[in-house]
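Student: Requesting a structural model of the entry that follows:
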Amino acid sequence: MKILAPDTIELDLTELTDAGDEVATYAVDQPIPGDHRDAEVLIAWRNTAENLADAAHGMPNLKLVQTLAAGPDSVLAAGFAQHVAITSGRSLHDGPVAEHALALVLAAVRRLDVLQEAQRNTTWNTEFNAAQSDPATEQLYTLDGASVTIWGFGSIAGRLAPLLAALGAKVTGVANSKGERYGFPVVSTEELPHVLGTTDVLISILPATPDTTDALNDDILRHLPARAVFVNVGRGATVDEDALLAALQEGRLRVAALDVTKQEPLPAWSELWAAPNLIITPHVAGNRPKGSSQLVVGNVTALKEDRPLTNQVAGQGHEAAT
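Tutor: Numbering: from 1, shown residues only. Modelled structure (predicted):
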């Protein structure tokens, strides 16, 4: 079997080559070379939209596209044939994204942005000290006793929720169906507005799909109390940035932290840069897929043996592994 590996990550695929498979490296920002268009497996990581579209329409033997991204939206949008199995990198980014989400939550709750500004101005911020000590406002500055809602309760949330709980937060998940996941209560998406009224911290880990476009809109934001914090480590497409900007400017949201935006890199002209009470990081929560080689080897082996694939999100002919 011929496998194309991207030039954006080093993968140990010796187990496949030892079994007789051919592995070739390709550039993710260029058309697929003619001598590689016969490949049956394409591994995707940080590919351009043009490269994926070229692969979708110019690789007739393709059987599997393995993206190393947790969210397979760019691959799904490329137009691969229905018989091509598409598998995601779900779980590869759980640890790094959970860490960054926790860092952003703590930075926002503890208002490290305000303290950083005071440092730049060589100011010992006594007002901040008084606010976090005042019984009337001290709860704003801690996760202990805070109600945290995680919107998009998948494997990343499964890593993040226990960390928040260890700091004393009450964690509630939101997903398409209600129940219990990873030991935490989960409500359905339809119930989200009822939960938001008592939410202190709302964390979005939503994927980008047609159903989640601008999911965080003006209506959702108006359900949140003004003391609330919003953190997005999912996808920028899920946030109505104009509505978020208005909420921050009008003081209807205490603080927000974004690791993702609709347009990336975020252009210098974007009003988000100057928005009050907003922390921005340049999509660095993930970008370090852990266990990629094992996932690729496992899925290629399963493909050859006609067994269920791990993390299958599209394509016919194979059932997803549980």
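Student: Just give me the neighbour total for the closest residue to P225 other than its chain neighbours.
Tutor: Counting by CB to CB, 6 or more residues apart in numbering, P225 lies nearest to G197, which is 6.8 Å off, once chain neighbours are set aside. Heads up, the C-betas are built off the backbone N, CA and C, glycines and all. By other CB atoms under 10 Å, the residues close to G197 number 11.
Student: now Q263
Tutor: Neighbour count of Q263, defined by other CB under 10 Å: 10.
Student: residues in contact with it?
Tutor: Taking CB atoms under 8 Å, 6 or more residues apart in numbering, we find Q263 in contact with 236, 270.
Student: What of T301?
Tutor: Residues near T301 by CB under 8 Å, 6+ apart: 16, 307.
Student: doesn't R222 make contact with the residue nearest to P225?
Tutor: No - G197 is beyond contact range of R222, at 10.4 Å (criterion: CB atoms under 8 Å).
Student: Note down every partner strand of the helix or strand containing L42 and its orientation.
Tutor: Taking DSSP states H and E as the definition, one finds L42 inside strand 41-44. According to DSSP bridges, strand 41-44 forms sheet pairs with strand 2-6 (parallel), strand 64-67 (parallel).
Student: Comparing these, which comes out most buried?
Tutor: When you average the neighbours per residue for each of these (mean count of other CB atoms under 10 Å), strand 64-67 leads with a mean of 28.
Student: From L196, how far off is K170?
Tutor: Noted for K170: a distance of 14 Å to L196, by CB to CB, to the nearest Å.
Student: Neighbour count for those two, which is higher?
Tutor: Taking neighbours as other CB under 10 Å, K170 and L196 compare with L196 leading, 20 against 16.
Student: Tabulate the strands paired with strand 41-44 in TSV, adding columns for mean pLDDT.
Tutor: Shown next, in TSV, are the strands paired with strand 41-44 (pLDDT from 0 to 100):
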stretch	mean pLDDT
strand 2-6	98
strand 64-67	98
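Student: So which of those strands is nearest I156?
Tutor: The closest of the strands paired with strand 41-44 to I156 is strand 64-67. By CB to CB, the value is 15.9 Å.
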